[in-house]
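Colleague: pasting the sequence and the predicted coordinates here, then a few questions.
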Amino acid sequence: MLVDGFAGPGRYKEGEEGSPLIMLHLLASHPVLERIPDVRFVCLFIEQDSRRVAYLEQEAAKVTLPANVEVIIKEGRFEEVFSGLVEGITNGRSLIPTFAFIDPFGYTGASMTLTGRFLDFKRSEALFFLPLSYINRFVGRDGQATALNALFETEEWQELVPLSGDGRKLALLKLFETQLRRQGQVRHVISFELRTLDGNDYRLVFATQHPTGLKLMKNAMWSVDPHQGTRYIATRTGSGQEVLFQPQPDTGPLLEALRNIFGSRWFSVAEAVQALDTDALPWCAEKHLRRLTLVPAEKNDLIEVCRPNGRRAGTFTEDVRVRFKGDGDGLDSPRS
Ligand SMILES: C[S@@+](CC[C@H](N)C(=O)[O-])C[C@H]1O[C@@H](n2cnc3c(N)ncnc32)[C@H](O)[C@@H]1O
């Protein structure tokens, strides 16, 4: 099931598609769909404004969808419709694998408790659109406590009020991510920065239980930001990434991160892959580890490499062992 909790009208005045239409088009054109005709997809769009609901109904009806995709549009408040849905199935039954997009346009209505109850279900994932600069602006003002307590599911945000500037903004993001990590069965939380033309800072914050979900989200982030995989800055030309040449991923910091993790000890490529299969580092093992990081590091004589017999020079299969040069006494063996 794909849920858009704050769906909007589907299309805006200038013709731009909103999230429900983007979702439907992507789903309808997804190459995997043909291979799984027996899997049923339900798209649930929730919107509280009746005019927007009517518009969305018209727009959604224009999309040609495969027979196994069903669209349900519910008029109502996300908190009520979604919690009704979650409550209705908590009774010993399990939820079908569900991805929920939560884009409340502000921060009221997207309570952590509600999302937490949903994230209790196996195979559920959530993507938040977090208006970070907006939260940062309001955090010190009167009358915001109820909404902020619900958003963070803690009063700890109050301790951050005396901080200022970017420090406070990033501390608020960290608190949100930490709270999300505590919910249900969440195992990984990863964020992506979106800067609008007017300089506002939004974050897409993704919570998942499954390493594959994390991998796919990292890949999506790198497809938007081929340089760092962490942000998109809007420009007047319409794209934050419009450049003459595709920027190369910046993997220097990945090498440094590996050096920080493994120091001067021998480690296997499998261990390095494992380190990247977490939300602590933004890089993807398949995309960044071998050709873009370990191969040049070996060429530049930054690492020692020990390959089992039969492995070709230059290969970094999981059983290959590696050690950073320059540290340590050089006496320990690759097996230690
Ligand atoms: C930021 S817009 C969503 C935009 C949408 N994701 C898109 O890409 O077009 C937020 C929408 O949520 C609706 N809304 C606000 N509070 C709501 C609530 N509590 N429950 C459901 N919808 C709500 C608003 O009417 C508005 O259409």
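Modeller: Cool, got the structure. Residues are numbered from 1 along each chain as shown.
Colleague: tell me the contacts of Ala297?
Modeller: By CB atoms under 8 Å, 6 or more residues apart in numbering, the contact set of Ala297 is Leu255, Ile303. For glycine as for every other residue, the C-beta is placed from the backbone atoms N, C-alpha and C.
Colleague: can you pull out the strands in this structure?
Modeller: Along the chain, counting by DSSP state E, strands occupy 2-4, 41-47, 69-75, 98-102, 124-130, 188-195, 201-208, 231-233, 267-268, 303-306, 321-324.
Colleague: in the last one, what's buried?
Modeller: Read that as strand 321-324. For strand 321-324, burial by neighbour count (16 or more other CB atoms under 10 Å) applies to Arg321, Val322, Arg323, Phe324.
Colleague: those: which two are farthest apart?
Modeller: Farthest-apart pair in these is Arg321 and Phe324; separation 11.9 Å (CB to CB).
Colleague: and Val243, what's its pLDDT?
Modeller: On pLDDT, Val243 comes in at 50.
Colleague: for the stretch 201-336 of the chain, give me the ranges with low pLDDT.
Modeller: Within the stretch 201-336 of the chain, the stretches with pLDDT under 70 are 237-247, 327-336.
Colleague: show me where it has helices.
Modeller: Remark: helices assigned in the stretch 201-336 of the chain by DSSP state H, counting those that start in this stretch are 211-224, 252-262, 269-276, 295-299.
Colleague: export the second one to PDB, keeping only CA atoms.
Modeller: It refers to helix 252-262. Provided in PDB are the C-alpha atoms of helix 252-262 (Å, rounded to 0.1, in the frame of the first residue of the first chain):
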ATOM      1  CA  GLY A 252      37.400  11.200  -0.500                       C
ATOM      2  CA  PRO A 253      35.300  11.500   2.700                       C
ATOM      3  CA  LEU A 254      34.300   7.900   2.300                       C
ATOM      4  CA  LEU A 255      37.900   6.800   2.400                       C
ATOM      5  CA  GLU A 256      38.400   9.000   5.500                       C
ATOM      6  CA  ALA A 257      35.300   7.500   7.100                       C
ATOM      7  CA  LEU A 258      36.700   4.000   6.500                       C
ATOM      8  CA  ARG A 259      40.000   5.100   8.000                       C
ATOM      9  CA  ASN A 260      38.100   6.300  11.100                       C
ATOM     10  CA  ILE A 261      36.200   3.100  11.500                       C
ATOM     11  CA  PHE A 262      39.100   0.600  10.800                       C
END
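Colleague: give me the contact list for it.
Modeller: Helix 252-262 has contacts (CB under 8 Å, 6+ apart) with 271-272, 275, 281, 283, 288-289, 292-293, 297, 302, 323-324.
Colleague: how about 6 Å then?
Modeller: Ala272, Ala275, Leu281, Trp283, His288, Thr293, Ala297, Phe324 (CB atoms under 6 Å, 6 or more residues apart in numbering).
Colleague: and the stretch 1-150 of the chain, which of its residues are near the ligand?
Modeller: 6, 8, 18-19, 46-49, 52, 77-79, 103-105, 109 (CB under 6 Å from any ligand atom).
Colleague: can you rerun that using 5 Å?
Modeller: 6, 8, 18-19, 47-49, 52, 77-78, 103, 105, 109 (CB under 5 Å from any ligand atom).
Colleague: where neighbours are concerned, which of those residues has the most?
Modeller: Using other CB atoms under 10 Å as the neighbour test, those are led by Glu47, with 28 neighbours.
Colleague: tell me the contacts of that one?
Modeller: Neighbour list for Glu47: Ala7, Val53 [criterion: CB under 6 Å, 6+ apart].
Colleague: go again with 10 Å.
Modeller: If you count contacts by CB atoms under 10 Å, 6 or more residues apart in numbering, Glu47 has them with 4-10, 18, 20, 53-57, 73-78, 81.
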